[in-house]
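Asks: okay, structure incoming, though there's no sequence with it:
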């Protein structure tokens, strides 16, 4: 993707520090899946680590456990319909009925990975490739999964110099999920001096 | 506070699901402290649980470990200066020098608690009172603290019927921290049907 630019790992937390809704994807044994999630946050700067909470019914969760990898893509306003479709369909059901994965069924385009096999979604504002830090007790008891970010990239039209700037491309603003189909867009930036 | 309204616990995740920057506070042995944090998210609906990441140098962290309680207050645009002052001062240093806590020194007003002793900050948009679910191994290894939300409340001018609505009170919009003194305000809501 022509606007994609690699981000230094020590800046990678900035891609999700503002709490956007994300897409979480994984691949295992040649089958991919993707889910929408709001429960994702940085937990360390360097090495950069993230925590995500994944319901036990999630098909993506099993793929993450088996492959030891996942990817986070940060969707934009212009992908709202796609985001909601991803969040309201079951990849497992689609696969059982059609033998095609959710990405193929929904016509989701991906971009090339740098490190992990989990799919990165085209048209997003940022991407984090993560290796699972396996902690079965935390995963089982609290549905919490910890990952180390091993590669980060962003659309340089909206993330440059280590900062988000959506002023020129409002359609690329990120989203924040409330509940029941309601999202808030990322608003204007304020700089405190 | 006249606009404060208790929120059913099964709706409490909605108060932070959009990823706002929060204030995290605690009290132990008659001394209070407060910090700014962006690494806070829901991890379960009912009983509602949250995860927060707290640096080992944080004075608030020790108070949370000793008291087994903490509070989350969700600050607004009009509290930006206060939020940044909280995030850039050390309560421990203030206390060692003045024998007053950071809240007193910064003139921070609190509102009455329902359950925990950790201070709730006046003028915020929402409040979560939490009991620590002690997990020393996770706390030590990943700086992750898990809490059960035991009481939730919000300013009914901006949170009603289970949803945020900042349209009438833009000064009460919540904030999302990026880095380096830059915050994004919570933008307009979009409803997907």
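Replies: Structure received. Remember, predicted model here, so these are calculated numbers, not experimental data.

Asks: across the sheet, point out what pairs with residue A:130.
Replies: residue A:70, residue A:149 (DSSP bridges).

Asks: that one and residue A:50 touch, don't they?
Replies: Yes. Using CB atoms under 8 Å, residue A:130 is in contact with residue A:50, at 6.4 Å. Where you see a C-beta, it was placed from the backbone N, CA and C, and this is true even at glycine.

Asks: what's the overlap in contacts for these two?
Replies: A:72, A:147, A:149 (CB atoms under 8 Å, 6 or more residues apart in numbering or on different chains).

Asks: how about stretch A:21-31: buried residues?
Replies: Of the residues in stretch A:21-31, A:21-28, A:31 count as buried by neighbour count, 16 or more other CB atoms under 10 Å in any protein chain shown.

Asks: just give me the closest of these to residue B:42.
Replies: Proximity of the buried residues of stretch A:21-31 to residue B:42 (CB to CB) peaks at residue A:21, which lies at 12.7 Å.

Asks: so the closest one sits right up against residue A:38, yeah?
Replies: Yes. Under the criterion of CB under 8 Å, residue A:21 makes contact with residue A:38 at 5.0 Å.

Asks: joint contacts of the two?
Replies: A:176-177, B:19.

Asks: most surrounded residue in those residues?
Replies: Ranked by neighbour count (other CB atoms under 10 Å in any protein chain shown), the shared contacts of residue A:21 and residue A:38 have residue B:19 at the top, with 30 neighbours.

Asks: distance of that residue relative to chain A?
Replies: 1 Å (CB to the nearest CB, to the nearest Å).

Asks: that residue: what secondary structure?
Replies: coil (DSSP: H, G, I helix; E, B strand; the rest coil).

Asks: any idea how far the helix or strand hosting residue A:128 is from the chain center?
Replies: According to DSSP states H and E, residue A:128 maps onto strand A:126-133. Its chain's C-alpha centre and that of strand A:126-133 lie 8 Å apart, by CA atoms, centre = their mean, to the nearest Å.

Asks: what does stretch A:56-67 give?
Replies: Worked out by CA atoms, centre = their mean, stretch A:56-67 lies 15 Å from the chain centre.

Asks: got it, and stretch A:174-188?
Replies: 15 Å.

Asks: what residues sit buried inside it?
Replies: For stretch A:174-188, by 16+ other CB under 10 Å, it's A:174-179, A:182-187.

Asks: what about the closest residue to residue A:135 other than its chain neighbours, how many residues nearby?
Replies: For residue A:135, ignoring the flanking residues on the chain, the nearest one in space by CB to CB, 6 or more residues apart in numbering or on different chains is residue A:146 at 6.0 Å. By other CB under 10 Å, 21 other residues sit near residue A:146.

Asks: let's test this: mean pLDDT of the strand holding residue A:128, rounded?
Replies: For strand A:126-133, the mean pLDDT works out to 98.

Asks: show me what that strand is packed up against.
Replies: strand A:49-53, helix A:59-67, strand A:69-74, strand A:120-121, strand A:144-155 (3 or more CB pairs under 8 Å, 6 or more residues apart in numbering or on different chains; DSSP states H and E).

Asks: the fourth one pairs with which strands?
Replies: By that I understand strand A:120-121. Here, using DSSP bridges, strand A:120-121 pairs with strand A:110-111 (antiparallel).

Asks: outside of the strand it pairs with itself, list whatever touches it.
Replies: A:1, A:4, A:103, A:119-122, A:127.

Asks: just want the most central residue of chain A.
Replies: residue A:72 (2.3 Å; CA atoms, centre = their mean).

Asks: so who does that residue touch?
Replies: Residue A:72 neighbours (CB under 8 Å, 6+ apart): A:16, A:22-24, A:40, A:50, A:52, A:127-128, A:130.

Asks: ok, so of those residues, who is nearest residue B:156?
Replies: Checking those one by one against residue B:156 (CB to CB), the nearest turns out to be residue A:40, at 29.0 Å.

Asks: what about that closest one, neighbour count?
Replies: Count around residue A:40 with other CB under 10 Å applied: 24.

Asks: so how far is residue A:92 from the nearest residue to it once chain neighbours are set aside?
Replies: Among residues not flanking residue A:40 along the chain, residue A:52 sits closest, at 4.6 Å (CB to CB, 6+ apart). Using CB to CB, to the nearest Å, residue A:52 is found at 19 Å from residue A:92.

Asks: taking chain A, what residue is nearest to chain B?
Replies: In chain A, the residue that lies nearest chain B is residue A:19 (1.5 Å; CB to the nearest CB).
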